[in-house]
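Trainee: Need a 3D model of the sequence below.
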Amino acid sequence: MENDGAKYSLEQMQKEKYIDNNIFSNKEVSYLCNQWLLYIKKEQLLSLNTYNAYNIDLKYFLKFLNDHYGNIVSIKNLEDLTLRDFRSWLSSQKIKNNNLSPKSQARSKAAMKSFFKFLNKNNYIKNTAIFNLQPAKINKQIPRPLSFKEVIDVINISGEKNDWTGLRDKTLFTLIYAAGLRISEALQLNRIDVKNMDVIRITGKGGKIREIPLIESAKLAIEELLKVNDNTEMSSPLFLGLKGKRLSSRQVQKTIEKIRNRLSLPKTVTPHALRHSFATHLLEKGVDLRTLQELLGHSSLSTTQGYTAVSTQTIRKVHKLAHPRK
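Mentor: Residues are numbered from 1 along each chain as shown. Just a heads-up that it's a prediction; the model follows:
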């Protein structure tokens, strides 16, 4: 999945810390939960955002079972769950979490299917009822790319602050657009990862590593940023927050929100929109899908193909305006 869907915000994760597996389940079930979490983190190499979301999905599921059975969840409870029980769980998700988007609901279902697949495969329990749930229908929205002028406007405005944070933000947005990075990929970079580099190595979703060439504007921006704190250790984050720690994605989202309000851009303009724009603009310049797939770090070509609809829309518009016969 490209955007993993809806991810829980850091604030929501912090609010949910009070939910502990042991509150709703006995020691045996808690042990199995921890084994599964360890598996998806260490072996499946899920991204941190997806791992955290799956963790919360599991806790909500255990809370539902605790209420559903009226007792601490046991292994027998997991084995006795029927298709009707799983449907009740999904219904409770919609009622109690009515702000949960369809993508979040689909992800929650995927998380629990992964959990029960793990339990069955390792012979901890025998219950396959959840796999009879119908897949959720999600309307795939075509990403709205920015025009090249809009991209430049966003980058330029981000650099208007008088202090070093202006250069930081300008470099960040330049790099995201120039290399088509996910915001999480850009923020995980350390200074040593980009110093004197023509190509950067990115660790994407699932631990997949890819190499992306740096265009001249990105290299110049990075060089300027490195000079600002040239006494900083090379192992430290490339993009720092005001307190000297790694810049958070939430802070970046707030910055882009201010910029889009100033430019009267729609709410779809997020840091990720710069990545969408990178992909769409390359397609319009004739880059083939396989190459674009590698640059974006998509595991599936079908995810990359989602950008072709955007490009096709642009082509049709240009064709309609340019064709001599109306």
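
Trainee: all contacts plus neighbour counts: C-alpha atoms, from now on.
Mentor: Will do.

Trainee: How about I202: which residues does it bridge to?
Mentor: The residues listed as beta-bridge partners of I202 by DSSP bridges are R210.

Trainee: Quick check: it touching V194?
Mentor: No - under the contact definition of C-alpha atoms under 8 Å, I202 does not touch V194, with a separation of 10.5 Å.

Trainee: Just say helix, strand or coil for R275.
Mentor: Reducing the assignment at R275 to three states with DSSP: H, G, I helix; E, B strand; the rest coil gives helix.

Trainee: which non-adjacent residue is nearest it?
Mentor: Setting aside the residues directly before and after it, R275 is nearest to G180 in space (C-alpha to C-alpha, 6 or more residues apart in numbering), at 4.5 Å.

Trainee: List the contacts of the one you found.
Mentor: L274, R275, H276, F278, A279, L295, L296 (C-alpha atoms under 8 Å, 6 or more residues apart in numbering).

Trainee: The first one contacts Y177, correct?
Mentor: Yes - the pair L274 and Y177 passes the contact test of C-alpha under 8 Å, sitting 5.1 Å apart.

Trainee: Neighbour count: the two, which is higher?
Mentor: Set side by side, L274 and Y177 show unequal neighbour counts under other C-alpha atoms under 10 Å, the larger going to L274 at 31 against 23.

Trainee: Any chance you could list what contacts stretch 211-229?
Mentor: Judged by C-alpha under 8 Å, 6+ apart, the contacts made with stretch 211-229 from elsewhere in the structure are 164, 167-168, 170-171, 174-175, 178-179, 191, 194-195, 197-202, 238, 295.

Trainee: likewise stretch 242-257?
Mentor: Contacts of stretch 242-257 with the rest of the structure, by C-alpha under 8 Å, 6+ apart, involve 10, 154, 158, 183-184, 187-188, 237-241, 267, 269-271.

Trainee: mind running it again at 7 Å?
Mentor: Outside of stretch 242-257, the residues that reach it under the criterion C-alpha atoms under 7 Å, 6 or more residues apart in numbering are I183, L187, P237, F239, L240, G241, T270, P271.

Trainee: which one among those residues gets closest to K121?
Mentor: K121 has its nearest neighbour among those in I183, at 34.7 Å by C-alpha to C-alpha.

Trainee: what number of residues lie near the closest one?
Mentor: By other C-alpha under 10 Å, neighbour count at I183 equals 21.

Trainee: Contact partners for it?
Mentor: S249, P271, H272.

Trainee: any chance of those residues in JSON lines, plus secondary structure, distance to E284 and pLDDT?
Mentor: Converted to JSON lines, these look like this (DSSP: H, G, I helix; E, B strand; the rest coil; distance: C-alpha to C-alpha, whole Å; pLDDT from 0 to 100):
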{"residue": "S249", "secondary structure": "helix", "distance to E284": "29", "pLDDT": "88"}
{"residue": "P271", "secondary structure": "helix", "distance to E284": "21", "pLDDT": "90"}
{"residue": "H272", "secondary structure": "helix", "distance to E284": "19", "pLDDT": "89"}
